[in-house]
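**Q** let me see the structure of the following:
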Amino acid sequence: MDIRSIARTIGRKRSLCTLWVAIALAALLGAPQTASASEIMFVVNPKVRVNEVSLGELREIFLGDVNSLAGARVNAVFLQKGPVHELFLKTIGKTQSGLESVWRLQVFTGKGLRPRSFADEDAAIAYIVATPGAIGYVGSGKPAPGIKVLKLK
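**A** Reported below is the predicted structural model:
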């Protein structure tokens with residue numbers, strides 16, 4: 001092996017290494033930001049007399065297994081998409097298609113009505129404030145006047 005072939009091999013390896021570093025940086029810098037667990041709040045109409053709720057109770061409500069919380073009738077409110085909705089799906093352990101399947105079954109069997117869903121958090125908050133028993137989720141940075149934030153047990 002002569003010096004030129006060694007130089008070409010080193011040059012190719014260096015180029016490949018540079019390419020991988022560039023790909024890794026692009027992935028890190030260009031990755032869409034997503035909500036973290038501390039960036040979601042579960043909120044309820046102020047007339048619901050509950051201040052704390054467990055993750056299990058939330059899951060049962062949002063999957064249509066129960067329709068009351070501490071004796072008060074509640075109805076789930078969903079966001080249609082976005083990072084907060086994606087975090088919500090992870091929190092309840094469902095994919096979007098899994099959530100849709102659960103609610104299609106609830107409607108088909110007569111156990112529930114399709115829940116309301118909104119394109120943005122402002123519309124969801126307005127509905128929750130105006131609707132006794134409404135329960136939903138929003139980003140923690142979203143100001144929510146007139147709404148009760150539930151504490152997780």
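
**Q** just the strands in the chain please.
**A** Along the chain, counting by DSSP state E, strands occupy 40-44, 52-53, 68-69, 72-73, 75-79, 116-118, 134-139, 148-152.

**Q** which stretch among those strands comes nearest residue 99?
**A** Nearest of these to residue 99, taken as Cβ to Cβ: strand 75-79 at 8.0 Å. Just so you know, the C-beta spots here come from the backbone N, C-alpha and C atoms, and that holds for glycine as well.

**Q** where does the protein dip in pLDDT?
**A** The model of the chain has pLDDT under 70 over residues 1-38, 143.

**Q** would you map the helices across it?
**A** In the chain, the segments counted as helices under DSSP state H are 3-30, 55-62, 83-92, 96-108, 121-130.

**Q** the second one vs strand 148-152, what angle?
**A** Put simply, helix 55-62 runs at 130 degrees to strand 148-152, going by axes from the mean of the first three to the mean of the last three Cα atoms, to 10 degrees.

**Q** do the third one as well
**A** Helix 83-92 and strand 148-152 meet at an angle of 40 degrees, taking the same axes, to 10 degrees as the criterion.

**Q** quick one: helix 83-92 to chain centroid distance?
**A** Put simply, helix 83-92 sits 2 Å off its chain's centre (Cα atoms, centre = their mean, to the nearest Å).

**Q** same check, this time on the shortest one
**A** Relative to the mean C-alpha coordinate of its chain, helix 55-62 is positioned 14 Å out (Cα atoms, centre = their mean).

**Q** between strand 75-79 and it, find me the angle.
**A** Using the same axes, to 10 degrees: helix 55-62 against strand 75-79 is 90 degrees.

**Q** picking that back up, out of the strands of the chain, which one sits most buried?
**A** strand 134-139 (a mean of 24; mean count of other Cβ atoms under 10 Å).

**Q** thanks a lot, see you next time.
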